[in-house]
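**Q** take a look and give me a structure for this.
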Amino acid sequence: MTKTILGAGVLALAVASSSFAFGHAAGGDRGCGHDMLVGGGRILHTLDLSDDQKQKVQDILTAHRPKLRQLVANEKAADQTLADKLFGTGAVTQQDLDALLQRASQARNELTRERLAAALEVRDVLTSAQIQKAAAIRTGMKQLHAEMRQLLGDQGTD
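**A** Below is the predicted model of the structure:
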């Protein structure tokens, strides 16, 4: 029981790490497929999903994809507006940046919330053994990342 709770906690923490936990998709579909999930779907593929589970996961991703695409576009637009203001030639005040930062933060939070909703739905499809396996993989990945930092220094691990 404790291992199940611990495994679920590790999985939840990994998911809550926003875009870093979801991997980085190429192109404009960032976060719209398996990349919305922990490890960019790589962990999910190691869990030996049944055909029924695979179909349910696909249905979940398909259902969330349109909203995620819109939220990714919103986040990108908010970030671009902030960068344009900061690096523009006109006068910039802290108040200007604060308002734009608030909009960018809100867009990021909405995207993270939707990713979490999808991840929780996917998590509900998994068995407790699959959740434990995902937690173990995540722990191993964190250990490898720490070893990389030790060997390469902080600049070599991102």
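
**Q** for whatever helix or strand residue 113 lives in, buried residues please.
**A** Per DSSP states H and E, residue 113 falls inside helix 94-125. Across helix 94-125, burial judged by 16 or more other C-beta atoms under 10 Å covers 100-101, 103-104, 107-108, 111-112, 114-116, 118-119, 121-123, 125. C-beta here means a position set from N, CA and C on the backbone, and glycine is covered the same way.

**Q** got it, and stretch 68-78?
**A** Within stretch 68-78, the residues that qualify as buried are 68, 71, 72, 74, 75, 78, counting by 16+ other C-beta under 10 Å.

**Q** low-scoring stretches of this structure, by residue?
**A** 1-40, 156-158 (pLDDT under 70).

**Q** run the angle between the longest helix belonging to the chain and helix 94-125 for me.
**A** In the chain, taking DSSP state H as the definition, the longest helix is helix 51-87. Helix 51-87 and helix 94-125 are oriented at 170 degrees to each other (axes from the mean of the first three to the mean of the last three C-alpha atoms, to 10 degrees).

**Q** return the list of helices and strands in contact with helix 51-87.
**A** Packed against helix 51-87, as judged by 3 or more C-beta pairs under 8 Å, 6 or more residues apart in numbering; DSSP states H and E, are the following elements: helix 94-125.

**Q** show me what the helix it packs on packs onto, helices and strands only.
**A** In terms of contacts (3+ C-beta pairs under 8 Å, 6+ apart), helix 94-125 is packed against helix 2-15, helix 51-87.

**Q** which among these is found nearest to residue 144?
**A** Across these, the minimum distance to residue 144, taken as C-beta to C-beta, is reached by helix 2-15, at 14.0 Å.

**Q** work out the gap between the next helix or strand after the closest one and the centre of the chain.
**A** Next along the chain after helix 2-15, taking DSSP H and E as the criterion, comes helix 42-45. For helix 42-45, the separation from the chain centroid amounts to 14 Å (computed by C-alpha atoms, centre = their mean, to the nearest Å).

**Q** returning to what we had before: among the helices and strands packed on helix 94-125, which is nearest residue 154?
**A** Among these, the nearest to residue 154 by C-beta to C-beta is helix 2-15 (20.4 Å).

**Q** what residues sit buried inside the longest helix of the chain?
**A** Within helix 51-87, the residues that qualify as buried by neighbour count (16+ other C-beta under 10 Å) are 53, 56-57, 60-61, 64-65, 68, 71-72, 74-75, 78-79, 82, 85.
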